[in-house]
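Q: quick one, what's the 3D model for this:
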Amino acid sequence: MRIAVFSDTFVPQVNGVALTLKRWTDYLSMQGANCKLFVPTEPEPVYEDLVCRLASIPFWAYPEHRFVIPNLLRIRNELAEFKPDIVHIATPFNVGLAGMYAAQKLHIPIVASYHTHFDQYLESYWFPFAHSWYWSYMKWFHRNCRAIFAPSNETIHLLQSKGLNEAQLWSRGVDCDRFTPLKRSDRVRELYGIKERYLLLFVGRLAPEKDLDVLLQLMHGLPDRIRGQVHWLVVGEGPMMDQGRKEAPQNVTFTGYRSGEELAELYASSDLFVFPSATETFGNVVLEAAASGLPAIVADRGGVTEIVQHGKTGLHAEAGNVESFLAALTDWFDEPDKWQLFRTEAREYAQSRTWDHAMESIYTRCQQIVEMEQNPEKAGSGRIQGEGEPA
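A: Here you go, the predicted structure:
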(Lines give C-alpha, C1' and ligand atoms only; values in the text may rest on other atoms or scores of the structure.)
Protein backbone atom coordinates (compact mmCIF):
# COMPACT_ATOMS: atom_id res chain seq x y z
CA MET A 1 0.00 0.00 0.00
CA ARG A 2 1.20 3.48 -0.89
CA ILE A 3 -0.08 6.37 1.24
CA ALA A 4 0.36 10.13 0.86
CA VAL A 5 -0.16 12.15 4.05
CA PHE A 6 -0.96 15.88 4.00
CA SER A 7 -0.52 17.79 7.25
CA ASP A 8 0.23 21.34 8.38
CA THR A 9 2.28 20.03 11.32
CA PHE A 10 4.91 17.33 11.72
CA VAL A 11 8.11 16.74 13.65
CA PRO A 12 10.21 18.57 14.73
CA GLN A 13 7.13 20.56 15.80
CA VAL A 14 5.97 19.42 19.22
CA ASN A 15 2.23 18.88 19.59
CA GLY A 16 -0.17 15.96 19.79
CA VAL A 17 -0.95 15.97 16.07
CA ALA A 18 2.69 16.02 14.94
CA LEU A 19 3.71 13.27 17.35
CA THR A 20 0.71 11.11 16.45
CA LEU A 21 1.45 11.43 12.73
CA LYS A 22 5.08 10.49 13.37
CA ARG A 23 3.81 7.37 15.15
CA TRP A 24 1.56 6.71 12.14
CA THR A 25 4.33 7.03 9.55
CA ASP A 26 6.64 4.87 11.68
CA TYR A 27 3.92 2.22 11.85
CA LEU A 28 3.43 2.39 8.07
CA SER A 29 7.15 1.83 7.61
CA MET A 30 7.02 -1.20 9.92
CA GLN A 31 4.16 -2.63 7.84
CA GLY A 32 6.17 -2.22 4.65
CA ALA A 33 3.89 0.51 3.30
CA ASN A 34 5.34 3.37 1.26
CA CYS A 35 4.47 6.78 2.67
CA LYS A 36 5.12 10.25 1.32
CA LEU A 37 4.56 13.34 3.47
CA PHE A 38 3.38 16.74 2.26
CA VAL A 39 4.22 19.11 5.14
CA PRO A 40 5.43 22.70 5.64
CA THR A 41 9.05 23.73 5.40
CA GLU A 42 10.93 23.88 8.70
CA PRO A 43 13.96 26.01 9.65
CA GLU A 44 15.71 22.85 10.83
CA PRO A 45 13.92 19.79 9.39
CA VAL A 46 14.96 16.47 10.90
CA TYR A 47 12.85 14.06 8.86
CA GLU A 48 13.40 14.09 5.13
CA ASP A 49 12.70 10.58 3.81
CA LEU A 50 10.01 10.84 1.15
CA VAL A 51 8.96 14.31 2.23
CA CYS A 52 7.63 17.08 0.03
CA ARG A 53 8.33 20.29 1.95
CA LEU A 54 5.84 23.03 1.10
CA ALA A 55 6.81 26.72 1.20
CA SER A 56 5.56 28.27 4.44
CA ILE A 57 5.83 31.19 6.84
CA PRO A 58 5.19 31.36 10.62
CA PHE A 59 1.49 31.68 11.49
CA TRP A 60 0.88 34.86 13.51
CA ALA A 61 -1.45 33.29 16.12
CA TYR A 62 0.78 30.22 16.53
CA PRO A 63 4.33 31.29 15.57
CA GLU A 64 5.67 27.76 16.00
CA HIS A 65 3.18 26.57 13.36
CA ARG A 66 3.69 27.24 9.68
CA PHE A 67 1.25 28.77 7.20
CA VAL A 68 1.69 27.04 3.84
CA ILE A 69 1.54 28.81 0.48
CA PRO A 70 0.77 25.77 -1.68
CA ASN A 71 2.01 25.36 -5.23
CA LEU A 72 -0.87 23.33 -6.65
CA LEU A 73 0.93 22.28 -9.81
CA ARG A 74 3.98 21.04 -7.91
CA ILE A 75 1.82 19.15 -5.39
CA ARG A 76 -0.20 17.49 -8.14
CA ASN A 77 2.94 16.50 -10.04
CA GLU A 78 4.61 15.10 -6.90
CA LEU A 79 1.48 13.14 -6.06
CA ALA A 80 1.17 11.80 -9.60
CA GLU A 81 4.80 10.69 -9.53
CA PHE A 82 4.40 8.93 -6.17
CA LYS A 83 1.20 7.15 -7.32
CA PRO A 84 -0.42 6.58 -3.93
CA ASP A 85 -3.24 4.10 -3.43
CA ILE A 86 -4.85 6.42 -0.90
CA VAL A 87 -4.45 10.00 0.38
CA HIS A 88 -4.70 10.80 4.09
CA ILE A 89 -5.48 14.45 4.91
CA ALA A 90 -4.82 15.54 8.50
CA THR A 91 -5.78 19.22 8.20
CA PRO A 92 -8.82 21.01 6.72
CA PHE A 93 -6.82 24.11 5.77
CA ASN A 94 -4.25 25.08 3.12
CA VAL A 95 -2.27 21.86 2.97
CA GLY A 96 -5.41 19.78 3.18
CA LEU A 97 -7.19 21.77 0.48
CA ALA A 98 -4.22 21.34 -1.84
CA GLY A 99 -4.10 17.61 -1.14
CA MET A 100 -7.84 17.26 -1.65
CA TYR A 101 -7.67 19.08 -4.99
CA ALA A 102 -4.77 16.97 -6.26
CA ALA A 103 -6.26 13.67 -5.09
CA GLN A 104 -9.59 14.39 -6.75
CA LYS A 105 -7.92 15.37 -10.03
CA LEU A 106 -5.96 12.11 -9.96
CA HIS A 107 -8.97 10.02 -8.82
CA ILE A 108 -7.27 8.79 -5.65
CA PRO A 109 -9.49 7.80 -2.68
CA ILE A 110 -9.29 10.15 0.31
CA VAL A 111 -9.49 9.66 4.06
CA ALA A 112 -9.18 12.39 6.66
CA SER A 113 -8.33 12.59 10.33
CA TYR A 114 -9.87 15.10 12.72
CA HIS A 115 -7.52 16.31 15.45
CA THR A 116 -8.56 19.71 16.74
CA HIS A 117 -11.77 21.50 17.75
CA PHE A 118 -10.88 24.61 15.79
CA ASP A 119 -14.32 26.08 16.42
CA GLN A 120 -13.53 26.23 20.14
CA TYR A 121 -10.08 27.65 19.37
CA LEU A 122 -11.74 30.43 17.39
CA GLU A 123 -13.64 31.46 20.51
CA SER A 124 -10.42 31.45 22.56
CA TYR A 125 -8.76 33.75 20.02
CA TRP A 126 -11.66 36.19 19.81
CA PHE A 127 -13.11 35.05 16.48
CA PRO A 128 -16.60 33.95 17.60
CA PHE A 129 -18.08 35.30 14.36
CA ALA A 130 -16.25 32.52 12.48
CA HIS A 131 -18.07 29.80 14.43
CA SER A 132 -21.23 30.09 12.31
CA TRP A 133 -19.54 29.11 9.06
CA TYR A 134 -16.94 26.70 10.50
CA TRP A 135 -19.12 23.56 10.48
CA SER A 136 -20.59 24.35 7.08
CA TYR A 137 -17.04 24.50 5.77
CA MET A 138 -16.06 21.27 7.55
CA LYS A 139 -19.01 19.43 6.06
CA TRP A 140 -18.11 20.73 2.60
CA PHE A 141 -14.43 19.87 3.02
CA HIS A 142 -15.06 16.27 4.08
CA ARG A 143 -17.82 15.55 1.58
CA ASN A 144 -15.65 13.25 -0.55
CA CYS A 145 -13.80 11.44 2.26
CA ARG A 146 -14.27 7.69 2.52
CA ALA A 147 -13.61 7.87 6.27
CA ILE A 148 -12.95 10.53 8.90
CA PHE A 149 -10.78 9.24 11.75
CA ALA A 150 -11.37 10.84 15.16
CA PRO A 151 -9.50 10.14 18.41
CA SER A 152 -12.41 9.67 20.84
CA ASN A 153 -16.05 8.63 20.89
CA GLU A 154 -16.93 12.09 22.21
CA THR A 155 -15.43 13.60 19.06
CA ILE A 156 -17.17 11.05 16.84
CA HIS A 157 -20.55 11.92 18.33
CA LEU A 158 -19.86 15.62 17.79
CA LEU A 159 -18.89 15.09 14.15
CA GLN A 160 -21.93 12.93 13.49
CA SER A 161 -24.19 15.56 15.07
CA LYS A 162 -22.77 18.03 12.54
CA GLY A 163 -23.54 15.75 9.61
CA LEU A 164 -20.09 14.14 9.22
CA ASN A 165 -21.40 10.59 9.19
CA GLU A 166 -18.20 8.89 8.03
CA ALA A 167 -16.53 9.46 11.43
CA GLN A 168 -14.76 6.40 12.83
CA LEU A 169 -12.53 5.82 15.84
CA TRP A 170 -8.76 6.21 15.61
CA SER A 171 -7.70 6.22 19.21
CA ARG A 172 -4.25 6.86 20.69
CA GLY A 173 -1.69 4.84 22.61
CA VAL A 174 1.07 5.47 25.10
CA ASP A 175 4.55 4.08 25.66
CA CYS A 176 4.26 2.50 29.11
CA ASP A 177 7.96 1.71 29.17
CA ARG A 178 8.86 5.38 28.80
CA PHE A 179 6.08 6.69 31.03
CA THR A 180 6.15 4.61 34.20
CA PRO A 181 5.93 5.10 37.99
CA LEU A 182 9.38 3.52 38.24
CA LYS A 183 10.91 6.83 37.13
CA ARG A 184 9.83 8.65 40.29
CA SER A 185 12.88 10.48 41.60
CA ASP A 186 13.91 13.00 44.26
CA ARG A 187 16.04 14.65 41.59
CA VAL A 188 13.02 16.67 40.42
CA ARG A 189 12.62 18.29 43.84
CA GLU A 190 16.33 19.00 44.03
CA LEU A 191 16.42 20.45 40.51
CA TYR A 192 13.59 22.92 41.13
CA GLY A 193 14.20 23.55 44.82
CA ILE A 194 10.83 22.15 45.90
CA LYS A 195 10.31 21.90 49.66
CA GLU A 196 6.55 21.33 49.84
CA ARG A 197 5.15 17.86 50.54
CA TYR A 198 3.07 17.43 47.37
CA LEU A 199 3.77 18.14 43.73
CA LEU A 200 0.92 19.07 41.36
CA LEU A 201 1.55 18.95 37.63
CA PHE A 202 0.21 20.53 34.45
CA VAL A 203 1.68 19.65 31.03
CA GLY A 204 0.56 21.35 27.83
CA ARG A 205 0.69 24.40 25.62
CA LEU A 206 0.37 27.60 27.62
CA ALA A 207 -2.43 29.13 25.58
CA PRO A 208 -6.01 30.37 26.06
CA GLU A 209 -7.61 27.24 24.60
CA LYS A 210 -6.08 25.16 27.41
CA ASP A 211 -8.08 27.14 30.00
CA LEU A 212 -4.95 28.44 31.71
CA ASP A 213 -7.06 31.13 33.36
CA VAL A 214 -8.90 28.40 35.27
CA LEU A 215 -5.61 26.87 36.37
CA LEU A 216 -4.27 30.22 37.62
CA GLN A 217 -7.47 30.95 39.54
CA LEU A 218 -7.31 27.47 41.08
CA MET A 219 -3.76 28.07 42.25
CA HIS A 220 -4.84 31.24 44.04
CA GLY A 221 -8.08 29.74 45.37
CA LEU A 222 -6.60 26.89 47.38
CA PRO A 223 -7.29 27.12 51.12
CA ASP A 224 -4.25 27.79 53.30
CA ARG A 225 -4.20 24.24 54.71
CA ILE A 226 -3.59 22.91 51.18
CA ARG A 227 -1.66 25.76 49.55
CA GLY A 228 1.19 25.56 52.06
CA GLN A 229 1.73 21.86 51.34
CA VAL A 230 1.74 21.87 47.53
CA HIS A 231 4.02 23.05 44.77
CA TRP A 232 2.90 23.38 41.16
CA LEU A 233 4.98 22.45 38.13
CA VAL A 234 3.74 23.94 34.85
CA VAL A 235 5.45 22.23 31.91
CA GLY A 236 5.16 23.73 28.44
CA GLU A 237 5.53 26.91 26.42
CA GLY A 238 3.17 29.22 24.59
CA PRO A 239 1.77 32.75 24.34
CA MET A 240 0.57 32.77 27.98
CA MET A 241 3.98 31.94 29.47
CA ASP A 242 4.79 35.52 30.53
CA GLN A 243 1.28 36.17 31.81
CA GLY A 244 1.36 32.93 33.78
CA ARG A 245 4.64 33.78 35.45
CA LYS A 246 3.35 37.22 36.43
CA GLU A 247 0.02 36.04 37.80
CA ALA A 248 0.96 32.73 39.43
CA PRO A 249 1.58 32.53 43.20
CA GLN A 250 5.00 31.84 44.70
CA ASN A 251 4.55 28.08 44.91
CA VAL A 252 4.56 27.64 41.10
CA THR A 253 7.51 26.75 38.85
CA PHE A 254 7.32 27.17 35.06
CA THR A 255 9.78 24.70 33.56
CA GLY A 256 9.36 25.52 29.88
CA TYR A 257 9.13 22.72 27.33
CA ARG A 258 10.38 19.30 28.48
CA SER A 259 10.46 15.99 26.63
CA GLY A 260 11.81 12.46 26.70
CA GLU A 261 13.20 11.04 29.91
CA GLU A 262 13.03 14.40 31.65
CA LEU A 263 9.29 14.66 31.02
CA ALA A 264 8.73 11.05 32.08
CA GLU A 265 10.52 11.78 35.35
CA LEU A 266 8.35 14.85 35.96
CA TYR A 267 5.17 12.81 35.54
CA ALA A 268 6.35 9.99 37.78
CA SER A 269 7.63 12.32 40.50
CA SER A 270 4.36 14.23 40.82
CA ASP A 271 1.36 13.44 43.01
CA LEU A 272 -1.55 14.75 40.94
CA PHE A 273 -2.19 15.84 37.35
CA VAL A 274 -4.49 18.84 36.90
CA PHE A 275 -5.72 19.58 33.37
CA PRO A 276 -8.58 22.10 32.98
CA SER A 277 -8.65 22.19 29.15
CA ALA A 278 -12.15 21.62 27.75
CA THR A 279 -11.11 21.65 24.07
CA GLU A 280 -9.31 18.30 23.80
CA THR A 281 -10.31 15.80 21.14
CA PHE A 282 -8.23 13.26 23.09
CA GLY A 283 -5.58 14.48 25.54
CA ASN A 284 -2.28 12.68 25.02
CA VAL A 285 -0.70 14.25 28.10
CA VAL A 286 -3.48 12.88 30.30
CA LEU A 287 -2.78 9.36 29.05
CA GLU A 288 0.96 9.87 29.63
CA ALA A 289 0.15 10.92 33.19
CA ALA A 290 -1.99 7.81 33.69
CA ALA A 291 0.83 5.59 32.40
CA SER A 292 3.05 7.22 35.02
CA GLY A 293 0.61 6.17 37.74
CA LEU A 294 -0.66 9.71 38.14
CA PRO A 295 -4.37 10.28 38.92
CA ALA A 296 -5.91 13.33 37.33
CA ILE A 297 -8.51 16.04 37.69
CA VAL A 298 -9.81 17.04 34.25
CA ALA A 299 -12.66 19.02 32.71
CA ASP A 300 -15.91 17.14 32.20
CA ARG A 301 -15.84 17.91 28.48
CA GLY A 302 -13.86 16.50 25.57
CA GLY A 303 -11.84 13.38 24.94
CA VAL A 304 -10.14 13.53 28.34
CA THR A 305 -13.33 12.21 29.95
CA GLU A 306 -12.70 8.85 28.26
CA ILE A 307 -9.18 8.61 29.69
CA VAL A 308 -9.97 9.73 33.23
CA GLN A 309 -12.76 7.52 34.51
CA HIS A 310 -14.64 9.56 37.09
CA GLY A 311 -14.31 8.01 40.54
CA LYS A 312 -11.88 5.35 39.31
CA THR A 313 -8.72 6.95 37.87
CA GLY A 314 -9.45 10.53 38.92
CA LEU A 315 -12.27 13.05 38.91
CA HIS A 316 -14.09 15.24 36.40
CA ALA A 317 -14.73 18.88 37.29
CA GLU A 318 -17.17 21.17 35.55
CA ALA A 319 -15.42 22.80 32.60
CA GLY A 320 -14.49 26.41 33.32
CA ASN A 321 -15.74 26.22 36.92
CA VAL A 322 -12.94 27.01 39.36
CA GLU A 323 -15.05 26.04 42.38
CA SER A 324 -15.68 22.59 40.89
CA PHE A 325 -11.95 22.05 40.31
CA LEU A 326 -11.27 23.28 43.84
CA ALA A 327 -13.74 20.75 45.29
CA ALA A 328 -12.07 17.92 43.34
CA LEU A 329 -8.62 18.98 44.48
CA THR A 330 -9.81 19.19 48.07
CA ASP A 331 -11.15 15.64 47.73
CA TRP A 332 -7.70 14.51 46.59
CA PHE A 333 -6.12 16.15 49.62
CA ASP A 334 -8.65 14.78 52.12
CA GLU A 335 -9.03 11.23 50.75
CA PRO A 336 -5.46 9.93 50.18
CA ASP A 337 -6.37 6.23 50.40
CA LYS A 338 -8.98 6.56 47.66
CA TRP A 339 -6.62 8.45 45.40
CA GLN A 340 -3.89 5.86 45.96
CA LEU A 341 -6.28 3.35 44.38
CA PHE A 342 -6.81 5.82 41.55
CA ARG A 343 -3.06 5.72 40.88
CA THR A 344 -3.10 1.94 40.46
CA GLU A 345 -6.20 2.00 38.25
CA ALA A 346 -4.74 4.78 36.06
CA ARG A 347 -1.60 2.76 35.36
CA GLU A 348 -3.59 -0.39 34.58
CA TYR A 349 -5.83 1.52 32.19
CA ALA A 350 -2.86 3.05 30.35
CA GLN A 351 -1.27 -0.38 29.91
CA SER A 352 -4.28 -1.39 27.82
CA ARG A 353 -3.70 1.49 25.37
CA THR A 354 -0.93 0.47 22.97
CA TRP A 355 0.15 2.41 19.90
CA ASP A 356 0.20 -0.74 17.77
CA HIS A 357 -3.47 -1.41 18.50
CA ALA A 358 -4.37 2.21 17.81
CA MET A 359 -2.57 2.23 14.47
CA GLU A 360 -3.82 -1.18 13.40
CA SER A 361 -7.42 0.03 13.23
CA ILE A 362 -6.75 2.91 10.83
CA TYR A 363 -4.30 0.82 8.77
CA THR A 364 -6.91 -1.92 8.34
CA ARG A 365 -9.56 0.59 7.30
CA CYS A 366 -7.23 2.15 4.73
CA GLN A 367 -6.52 -1.30 3.33
CA GLN A 368 -10.24 -1.96 3.02
CA ILE A 369 -10.78 1.28 1.13
CA VAL A 370 -7.89 0.55 -1.24
CA GLU A 371 -9.16 -2.98 -1.89
CA MET A 372 -12.64 -1.64 -2.63
CA GLU A 373 -11.16 0.92 -5.03
CA GLN A 374 -9.13 -1.72 -6.81
CA ASN A 375 -12.00 -4.22 -6.81
CA PRO A 376 -15.17 -2.18 -7.47
CA GLU A 377 -17.40 -5.24 -7.34
CA LYS A 378 -16.75 -5.46 -3.60
CA ALA A 379 -18.01 -1.92 -3.05
CA GLY A 380 -21.59 -3.11 -3.28
CA SER A 381 -21.26 -4.82 0.09
CA GLY A 382 -21.22 -1.38 1.75
CA ARG A 383 -18.89 0.39 4.10
CA ILE A 384 -17.37 -1.76 6.82
CA GLN A 385 -18.25 -0.60 10.31
CA GLY A 386 -15.25 1.04 12.03
CA GLU A 387 -14.00 0.31 15.52
CA GLY A 388 -15.94 2.22 18.14
CA GLU A 389 -18.88 2.99 15.84
CA PRO A 390 -22.42 2.28 17.01
CA ALA A 391 -23.94 -0.78 15.42
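Q: how far away is residue 359 from residue 113?
A: 12 Å (CB to CB, to the nearest Å). The way it works is simple: take the backbone N, C-alpha and C, and place the C-beta from them, glycine included.
Q: same deal with residue 368?
A: Following CB to CB, the distance that separates residue 368 from residue 113 is 16 Å.
Q: compare these two and say which is more crowded by neighbours.
A: residue 113 (23 against 16; other CB atoms under 10 Å).
Q: distance of the residue nearest to residue 211 when sequence neighbours are not counted from residue 233?
A: In this structure, residue 211 finds its nearest non-sequential neighbour in residue 276, 4.2 Å apart by CB to CB, 6 or more residues apart in numbering. Noted for residue 276: a distance of 15 Å to residue 233, by CB to CB.
Q: since we're on the nearest residue to residue 199 once chain neighbours are set aside, how many residues are nearby?
A: Once flanking residues are discounted, residue 199 sits nearest to residue 270: 4.5 Å by CB to CB, 6+ apart. Neighbours of residue 270 under the rule other CB under 10 Å: 25.
Q: residue 270 touches residue 231, doesn't it?
A: No: in this structure, residue 270 is not within contact of residue 231 by CB atoms under 8 Å, at 9.7 Å.
Q: tell me the predicted confidence for the residue nearest in space to the middle of the chain.
A: Closest residue to the average C-alpha location of the chain: residue 16 at 3.7 Å, with CA atoms, centre = their mean. Note for residue 16: predicted pLDDT of 88.
Q: same question for the one 3 residues further on.
A: Residue-level confidence at residue 19 comes out at 92, pLDDT.
Q: quick check: the residue nearest to residue 370 when sequence neighbours are not counted vs residue 296, distance?
A: Counting by CB to CB, 6+ apart, the nearest residue to residue 370 once its immediate chain neighbours are dropped is residue 85, at 4.5 Å. As judged by CB to CB, residue 85 and residue 296 stand 40 Å apart.
Q: neighbour count for residue 276 and residue 233, which is higher?
A: residue 276 (26 against 21).
Q: what sits against the nearest residue to residue 283 once chain neighbours are set aside?
A: Distances taken as CB to CB, 6+ apart place residue 304 nearest to residue 283, at 3.9 Å, with adjacent residues excluded. By CB atoms under 8 Å, 6 or more residues apart in numbering, the contact set of residue 304 is 275, 277, 280, 282, 283, 286, 296, 298.
Q: adding distance to residue 223, write those out as CSV.
A: Shown next, in CSV, are the contacts of residue 304 (distance: CB to CB, whole Å):
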residue, distance to residue 223
275, 21
277, 24
280, 28
282, 33
283, 28
286, 26
296, 21
298, 21
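Q: hmm, back to that, number of nearby residues for the residue nearest to residue 370?
A: Neighbour tally, residue 85, other CB under 10 Å: 19.
Q: just checking, it touches residue 1?
A: Yes: applying CB under 8 Å, one finds residue 85 in contact with residue 1, separated by 5.3 Å.
Q: overlap in contacts of the two?
A: Contacts common to residue 85 and residue 1, judged by CB under 8 Å, 6+ apart, are residue 370.
Q: return the residues in contact with residue 316.
A: Per CB under 8 Å, 6+ apart, neighbours of residue 316: 297, 298, 299, 300, 305, 308, 310, 328.
Q: mind listing what's buried in stretch 132-144?
A: By neighbour count on 16 or more other CB atoms under 10 Å, the buried set for stretch 132-144 is 134, 135, 138, 141, 142.
Q: I'd like to know how many residues surround the spatially closest residue to the second one that is not a sequence neighbour.
A: Looking back up the chat, that one is residue 135. Closest residue in space to residue 135, ignoring its immediate chain neighbours: residue 162 at 4.8 Å, by CB to CB, 6+ apart. For residue 162, the neighbour count with other CB under 10 Å is 16.
Q: state the distance from residue 162 to residue 156.
A: 11 Å.
Q: so who does residue 233 touch?
A: 188, 192, 199, 200, 201, 202, 252, 253, 255, 266, 270.
Q: circling back to that earlier point, can you tell me which residues contact the residue nearest to residue 211?
A: 210, 211, 212, 214, 215, 218, 298, 299, 317, 319, 320, 325.
Q: now with 7 Å, please.
A: Residues near residue 276 by CB atoms under 7 Å, 6 or more residues apart in numbering: 211, 214, 215, 299, 325.
Q: and residue 239, what pLDDT?
A: For residue 239, the model assigns a pLDDT of 90.
Q: which other helices and strands contact the strand or helix carrying residue 337?
A: Per DSSP states H and E: residue 337 is located in helix 336-351. Using 3 or more CB pairs under 7 Å, 6 or more residues apart in numbering; DSSP states H and E, the elements in contact with helix 336-351 are helix 284-291.
Q: per-residue confidence for the closest residue to residue 79 other than its chain neighbours?
A: The shortest distance from residue 79 to any non-neighbouring residue, by CB to CB, 6+ apart, is to residue 102 (4.7 Å). Per-residue confidence (pLDDT) for residue 102: 97.
Q: past the helix or strand containing residue 102, which element shows up next along the chain?
A: Per DSSP H and E, residue 102 falls inside helix 94-105. Remark: after helix 94-105, the chain's next helix or strand is strand 110-113, criterion DSSP H and E.
Q: which residues in the stretch 151-300 of the chain form helices?
A: 153-161, 187-192, 212-221, 224-227, 241-247, 260-268, 284-291 (DSSP state H, counting those that start in this stretch).
Q: measure the residue lying closest to residue 310 once chain neighbours are set aside to residue 173 for me?
A: Spatial nearest neighbour of residue 310, excluding adjacent residues (CB to CB, 6+ apart): residue 316 at 4.6 Å. According to CB to CB, residue 316 and residue 173 sit 22 Å apart.
Q: give me the pLDDT value at residue 70.
A: The predicted local confidence for residue 70 is 84.
Q: begin at 55 from now on, thanks
A: In the new count, where the first residue is 55, that last one comes out as residue 124.
Q: which residue is the nearest non-sequential neighbour of it?
A: residue 152 (3.8 Å).
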